[in-house]
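Colleague: Predicted model, plus sequence, below.
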Amino acid sequence: MFRRTLTALAFVATPALAQQSDLTLAIQLEPPHLDPTSAAAGAIDSVLYSNVFEGLTRFAADGSVEPALAESWEISEDGTTYTFTLREGVRFHDGSAFDAEDVKFSLDRARAEDSVNAQKALFEGISEVSVVDPATVEITLAQPDGSFLFNLAWGDAVIVAPETIEGIKQSPVGTGPFAFSEWVQGDRVELTRYADYWGPAPALEAATFKFISDPTAAFAAMMAQDIDAFAGFPAPENIAQFEVDPRFQVLMGSTEGETILAMNNGQEPFDDPAVREAVAHAIDRQAIIDGAMFGQGTPIGTHFAPHHPDYVDLTDLSPHDPEVARQMLADAGYGEGFSTTLKLPPPSYARRGGEIIAAQLREVGIETEITNLEWAQWLEEVFRGKDYGLTIVSHTEPMDIGIYARPDYYFQYDNPDFQALMTELTGTTDAGDRSDLLAEAQRMIAEDHVNGYLFQLAFPTVADARLKGLWQNQPTQANPLAGVSWAE
Amino acid sequence: MLAYALRRLVSLGLSLVVASLVIFLVVEVAPGDPASFMLGINAQPDTVAALRAELGLDLPKWQRYLAWVGGMVTGDFGMSYTYRTPVSEMVMDRLWISLPLALYALVLSTALAFPAALLAASRRGEAGDFAVMGATQLGIAVPNFWFAMLLVLLFAINLGWFSAGGFPGWEDPGAALKALTLPAVALALPQAAILARVMRSALIDILAEDFMRTARAKGLTRAQALWRHGVRNALIPVLTILGLQFSFLLAGAIIIEQVFFLPGLGRLIFQAISQRDLIVVESVVMLLVFAVILVTFLTDMAYAAVDPRLRRRA
């Protein structure tokens, strides 16, 4: 009797489950506002990128750049003029048509004098944006830029409409497959499927992004199945538990986050390459990955993402060897060791990793004084003030090796050869030549041991076992939902 | 009564002025610039400068202080740097969660503490008293966030009766109350334990008073005497504690709000501090100071209501 009731219940319940067409996806941080073109907060793109807003180009799940609002483009012989043919029949969520004027408005706004675009450098090469006809835009660059199409794929380069720019921070209006519907601050953002989307219609009718910052709460919400998925699950210690639970699946992805032990190259003793090399040998990458990240992360030997086709594995340049490290320090005149500061921002890779690195450095005679900082303090003291010896931070911007060409950047690496290399790279559009230059760049900073290269930040997603189509990797911070669906 | 109230009001006003100065100075002295926080590590100096100008951060400090205080007097609490919404709106949204949660917890803790204290006081030294005292010891010793996690583990993960957290909104009051139940219980228990202990000892002191003997002598039963003469007199220390607890519950529920990911006032402050949303921190803290001072004032008035001697002395 009891069993029969259960079977009957199961029959009633199954069709209801199969028809599920909404999704509740949790992420850790809440966006401060909803304008991807005026803040650095990755959480904005986590919610809106390729869902609400689109650019001329966009990142695909594998990190390649593909056409989005631009259907196709032509590049002039000298590489300075890009002529984009725009997709026809595209409408913003408020019903207004998308055309070349919107592209001009968006790009001019991003590169304006008083622009507050956090990645203004992406647009610096543009000298003019002109409207040829409603479906054609011509962009002129001051000089050829091999990464221009890549730059346009960033969340900071999405196309916005002049009519709705006023309210963009609270109620964003874009051209994407989902329209913004509600933001309950502190709790969630709700999106609904946009019926007039130009591309294939998404399987989901509605999506809710929930913001759960506390790792324990994240675990509880997932376990209680209050949420369907958690992108960037913040409690690595609980991952194993989800892996063995048939209700869930775990996607272990990669990010663009090179996690480094940054050294202040502009200050004693780290202005001495031998000292930096000694530090590199003192570090045991795998021990840090195991101890701080519960085994999640890929060791790196330079400032480049391992999943990128141009990556060169240079971890062999600095194998873990305390004996060699001590010898190098002695040769550099630090036989007695030295002491320095280790300033740690809030993420657990830094706080937990910092403790382990401090112990590893003590092995070779380097004493560190650990200070924990909030992000705002870290930006002020370390990043802007350059008042530090060592710090740990993950550089999550895609393809950001160019920061080593900025001598005023916080680790203060000043190498004219590298700067020349980057200028050459910018002017190169041939794919093969670019690969060679990128390999040379990776090798140069690795041989100079500018920073201690630790590991590529992993991106664990815990999701209901029936969910399909979630992004596993994070070529940019984003959770595009157009391809997400529930298994039958 | 009126003179008493007026005097309390003047000191209330002075406290507010001093508090506004202290809050502004402390928040402004702390390192960290909101504009560079928002724009991140790739931003160029001219972009940061443009944003600072847009936010009005380039004005001298004293000018910003005066603008802030002047705004508050007229009910304008400024505009959040990061969210770009008026602070007053944000606070109202959050109050709709924090205030009901605080009241809910307060009702629960009173409902638990009063009977427990009455039982313990009237059965002093007996088994019931020991049971209550033991339970309250435990209630004070157990941190509320840990207790909250246990509640989640049991009622949300294992039994599935409640969701693990979050807040659905007040459109459906039943669901909203249900979402607030576990957090309210977690908040209420330690408070109830403190309240029960304070009330028990107040009652025991009063039981030894002459007027209680008189009450018994004129023919009231022990329970009647306790109820009519004991409880009312024990209310003064209890009201003090309740007033303090309410202010604590309103703003101090940060950890509980974190555990249950409730978008309440505590989390708003927490977020604003880490994002250097200075104006939100300043205004919300100021509002809380105002609330605490107001509650203290009301508690003072309530003393005067239950204890006529206070009125006359004033």
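Modeller: Thanks, I have the structure now. Numbering: from 1, shown residues only, chains lettered A, B, ... in the order given.
Colleague: Residue ranges of each domain in the chain, please.
Modeller: The chain I'm using is chain A. Chain A breaks down by automatic domain parsing into domains covering A:54-165, A:256-457.
Colleague: The intended chain is chain B.
Modeller: What the record gives for chain B is the domain set B:2-73, B:87-274, from automatic domain parsing.
Colleague: coming back round to it: can you check which of the domains of chain A gets nearest to chain B?
Modeller: domain A:256-457 (2.9 Å; C-beta to the nearest C-beta). For glycine as for every other residue, the C-beta is placed from the backbone atoms N, C-alpha and C.
Colleague: Could you tell me the end-to-end distance of the closest one?
Modeller: End-to-end distance for domain A:256-457: 7 Å, by C-alpha to C-alpha, to the nearest Å.
Colleague: Nearest to chain B within the stretch 151-300 of chain A, name that residue for me.
Modeller: In the stretch 151-300 of chain A, the residue found nearest to chain B is A:Gly186; the distance is 2.5 Å by C-beta to the nearest C-beta.
Colleague: Look up phi and psi at that residue.
Modeller: Per-residue torsions, A:Gly186: phi 90, psi -10 (degrees, to the nearest 10).
Colleague: Next one, pLDDT for it please.
Modeller: The pLDDT attached to A:Gly186 in the predicted structure is 84.
Colleague: residues contacting the residue lying closest to it once chain neighbours are set aside?
Modeller: Ranked by C-beta to C-beta, 6 or more residues apart in numbering or on different chains and with sequence neighbours excluded, the top spatial neighbour of A:Gly186 is B:Pro263, at 2.5 Å. With contacts taken as C-beta atoms under 8 Å, 6 or more residues apart in numbering or on different chains, B:Pro263 has the following neighbours: A:Val184, A:Gln185, A:Gly186, A:Asp187, B:Asp93, B:Arg94, B:Ile97, B:Phe167, B:Glu257.
Colleague: rerun that using 7 Å as the cut-off
Modeller: Contacts of B:Pro263 were listed using C-beta atoms under 7 Å, 6 or more residues apart in numbering or on different chains, and they are A:Val184, A:Gln185, A:Gly186, A:Asp187, B:Arg94, B:Ile97, B:Phe167.
Colleague: Pull up the gap between the last one and B:Ala186, please.
Modeller: Distance of B:Phe167 to B:Ala186, computed by C-beta to C-beta, to the nearest Å: 15 Å.
Colleague: which stretches of the stretch 151-300 of chain A have low pLDDT?
Modeller: Within the stretch 151-300 of chain A, no range satisfies pLDDT under 70.
Colleague: Around chain B, pick out the residues from it.
Modeller: Neighbours of chain B within the stretch 151-300 of chain A, by C-beta under 7 Å from any C-beta of the partner chain: A:169-170, A:184-187, A:210, A:212, A:214, A:216-217, A:220-221, A:223-224, A:226.
Colleague: go again using 6 Å as the cut-off
Modeller: If contacts are counted using C-beta under 6 Å from any C-beta of the partner chain, the residues of the stretch 151-300 of chain A sitting beside chain B are A:Lys169, A:Gly186, A:Asp187, A:Ile212, A:Asp214, A:Ala217, A:Ala220, A:Ala221, A:Met223, A:Ala224, A:Asp226.
Colleague: Give me the phi and psi angles of the nearest residue to the last one once chain neighbours are set aside.
Modeller: In this structure, A:Asp226 finds its nearest non-sequential neighbour in B:Ser163, 4.6 Å apart by C-beta to C-beta, 6+ apart. Main-chain torsions, B:Ser163, degrees, to the nearest 10: phi -80, psi 160.
Colleague: tell me the pLDDT at B:Ser163?
Modeller: You'll see B:Ser163 listed with a pLDDT of 82.
Colleague: Give the buried residues for stretch A:316-334.
Modeller: Applying a neighbour-count criterion of 16 or more other C-beta atoms under 10 Å in any protein chain shown, one finds A:Leu317, A:Ser318, A:His320, A:Asp321, A:Pro322, A:Val324, A:Ala325, A:Arg326, A:Met328, A:Leu329, A:Ala332, A:Tyr334 buried in stretch A:316-334.
Colleague: would TSV of these with distance to chain B be doable?
Modeller: Putting the buried residues of stretch A:316-334 into TSV (distance: C-beta to the nearest C-beta, whole Å) gives the following:
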residue	distance to chain B
A:Leu317	26
A:Ser318	25
A:His320	29
A:Asp321	32
A:Pro322	32
A:Val324	32
A:Ala325	29
A:Arg326	34
A:Met328	30
A:Leu329	30
A:Ala332	30
A:Tyr334	30
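Colleague: Identify the farthest-apart pair in those.
Modeller: Within the buried residues of stretch A:316-334, A:Leu317 and A:Tyr334 form the most distant pair, 20.8 Å apart (C-beta to C-beta).
Colleague: quick one on the thing from earlier: got a winner among the residues of the stretch 151-300 of chain A next to chain B for most neighbours?
Modeller: A:Ile212 (29 neighbours; other C-beta atoms under 10 Å in any protein chain shown).
Colleague: these two touch, right, that residue and A:Ala26?
Modeller: Yes: using C-beta atoms under 6 Å, A:Ile212 is in contact with A:Ala26, at 5.0 Å.
Colleague: for A:Val484, what are its contacts?
Modeller: Under the criterion of C-beta atoms under 6 Å, 6 or more residues apart in numbering or on different chains, the neighbours of A:Val484 are A:Leu204, A:Gly469, A:Leu470.
Colleague: which one of these sits closest to A:Arg384?
Modeller: Out of these, the one with the shortest distance to A:Arg384 is A:Leu470. That distance is 36.6 Å, counting by C-beta to C-beta.
Colleague: Is the residue in the stretch 151-300 of chain B that chain A sits nearest to within a helix or a strand, and which one?
Modeller: The minimum distance from the stretch 151-300 of chain B to chain A, using C-beta to the nearest C-beta, falls at B:Pro263 (2.5 Å). Secondary structure assigned from DSSP states H and E places B:Pro263 in neither a helix nor a strand.
Colleague: Many thanks, I have nothing further to ask.
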